[in-house]
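Enquirer: pasting the structure only:
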């Protein structure tokens, strides 16, 4: 057991990352918060629409977009890679909706067909052009958030804003927050009742494609740090945890941000202790928070449900005891 789990050094795990190495782990935690927050805010609407797998589809379809962008531009710069991945994400959304609406195929089947096909095309393209395309499979699948502090810093007026990936992700988070504030009512109504939304003057189709465009931007922005696999968990875990604590969407959004902050801090701590992928450690920390809330939630937790069942059974048991069945003479 000791060989599998490193010894826990409180100073090295809990103190040093936030004092001696703050310039490194501080940016990693900040990037984790920005990614998880942006993913969580968009993911809340995906869960309301029962479209949680849509994030999985977009994240997997990014690979052929990356390869195609490199083959066209012969560059691995941020702009061409971002443009190629974003184009692939938008194409995925349009393809899924077209298959669903123009055929008798259900939406979940359309998602499975589209993302698996596009991901397979990306694998084939990578195999065919392996000599020209230098893509690390591990980074594609899991990302590498630990490299974020090593990127060039962005400064405005002498003020350091942070590494390029963090500044980009922070801008995406700000954009998502502003869109949610501006279209809060429209997004909420169209998610629950498209017919009512249409009667109130809101175009639910436009809201849907706007949400899918925001999803594509968020997934592509987070791809470099957390990869195609872990971004799916970051889309779902914050909202799933928050929904166990509140049924009001505004509170769910705020609790998602709290979940993002705690899971980012715990993820860095866990990653330093186990010397593993910090992005994966953040997802594990988020899953542990979900499990904890699932147990202790005042309304939806396992303990609360057990108490309600016990209270429901107890009166009936007492009434049975107070009114015994008379014995036959």
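Expert: That came through, no problem. Just so it is clear, the model here is predicted, and its values are computed rather than measured. Residues are numbered from 1 along each chain as shown.
Enquirer: Which SSE is immediately downstream of the lowest-mean-pLDDT helix or strand in the chain?
Expert: Considering only helices and strands, the least confidently modelled element of the chain by mean pLDDT, DSSP states H and E is helix 137-142, at a mean of 60. The C-terminal neighbour of helix 137-142 among helices and strands, as given by DSSP states H and E, is strand 153-156.
Enquirer: Now the helix or strand just after that following strand: average pLDDT?
Expert: Following strand 153-156 in sequence order, the next helix or strand is strand 159-163 (DSSP H and E). Mean per-residue pLDDT for strand 159-163: 87.
Enquirer: And the contacts of strand 159-163?
Expert: For strand 159-163, the surrounding residues in contact (C-beta atoms under 8 Å, 6 or more residues apart in numbering) are 27, 30-31, 148-155, 167, 170. Glycine gets a C-beta too; all of them are placed from N, C-alpha and C.
Enquirer: and what of stretch 81-97?
Expert: Outside stretch 81-97, the residues that reach it (C-beta under 8 Å, 6+ apart) are 54, 57-58, 61-70, 72, 107, 110-111, 114-115, 118, 208-209, 212-213, 215-217, 219-221, 223.
Enquirer: How about stretch 99-112?
Expert: Applying C-beta under 8 Å, 6+ apart, the contact partners of stretch 99-112 are 51, 53-54, 56-57, 96-97, 113-114.
Enquirer: Next, the buried residues of that stretch.
Expert: 99-100, 107, 110-112 (16 or more other C-beta atoms under 10 Å).
Enquirer: Quick check on the contacts of stretch 81-97: which are buried?
Expert: Taking 16+ other C-beta under 10 Å as the criterion, what is buried in the contacts of stretch 81-97 is 54, 57-58, 61-70, 107, 110-111, 114-115, 118, 208, 212, 215-217, 219-221, 223.
Enquirer: before we move on, back to that, make CSV from the contacts of stretch 99-112 and add pLDDT and secondary structure to it.
Expert: What follows is these, written out as CSV (pLDDT from 0 to 100; DSSP: H, G, I helix; E, B strand; the rest coil):
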residue, pLDDT, secondary structure
51, 82, coil
53, 79, helix
54, 81, helix
56, 77, helix
57, 80, helix
96, 86, helix
97, 83, helix
113, 88, helix
114, 88, helix
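Enquirer: Which of these sits closest to residue 275?
Expert: Compare each of the contacts of stretch 99-112 with residue 275 using C-beta to C-beta and the shortest gap goes to residue 56, at 28.5 Å.
Enquirer: quick one: secondary structure of residue 175?
Expert: In three-state terms, and counting by DSSP: H, G, I helix; E, B strand; the rest coil, residue 175 is helix.
Enquirer: what's the spacing between it and residue 9?
Expert: When C-beta to C-beta, to the nearest Å is applied, the distance between residue 175 and residue 9 equals 40 Å.
Enquirer: cool, and residue 36?
Expert: With C-beta to C-beta as the criterion, residue 36 and residue 9 are 27 Å apart.
Enquirer: Between the two, which has more neighbouring residues?
Expert: residue 36 (35 against 12; other C-beta atoms under 10 Å).
Enquirer: quick one: the nearest residue to that one once chain neighbours are set aside from residue 195, how far?
Expert: In space, not counting the residues next to it along the chain, residue 36 is nearest to residue 260; the distance is 3.7 Å by C-beta to C-beta, 6 or more residues apart in numbering. Between residue 260 and residue 195 the computed distance is 34 Å (C-beta to C-beta).
Enquirer: Same drill for these two, tell me which one is more crowded.
Expert: residue 260 (26 against 10).
Enquirer: quick one: which helix or strand includes that one?
Expert: Following DSSP H and E, one finds residue 260 within helix 249-274.
Enquirer: tell me how far that helix is from the chain's mean position?
Expert: Between the mean C-alpha point of helix 249-274 and the mean C-alpha point of its chain there is a distance of 11 Å (C-alpha atoms, centre = their mean, to the nearest Å).
Enquirer: immediately after it, which helix or strand?
Expert: Using DSSP H and E, the helix or strand that follows helix 249-274 towards the C-terminus is helix 278-296.
Enquirer: got any ranges where the protein has weak pLDDT?
Expert: 1-3, 76-78, 130-142, 228, 314-329 (pLDDT under 70).
Enquirer: Mind doing that once more with 90?
Expert: Within the chain, the stretches with pLDDT under 90 are 1-24, 46-116, 118-162, 164-165, 168, 187-234, 247, 274-280, 297-329.
Enquirer: Tell me which stretches of it form helices.
Expert: Shown for the chain, the helices assigned by DSSP state H span residues 10, 22-48, 53-73, 78-102, 107-128, 137-142, 164-182, 184-192, 194-199, 204-243, 249-274, 278-296, 302-322.
Enquirer: can you count the residues close to residue 123?
Expert: For residue 123, the number of neighbouring residues by other C-beta under 10 Å comes to 15.
Enquirer: right, and it touches residue 63 too?
Expert: Yes - counting by C-beta atoms under 8 Å, residue 123 does reach residue 63; the two are 7.1 Å apart.
Enquirer: what's the spacing between stretch 164-181 and its chain's center?
Expert: How far stretch 164-181 lies from its chain's middle: 14 Å, per C-alpha atoms, centre = their mean.
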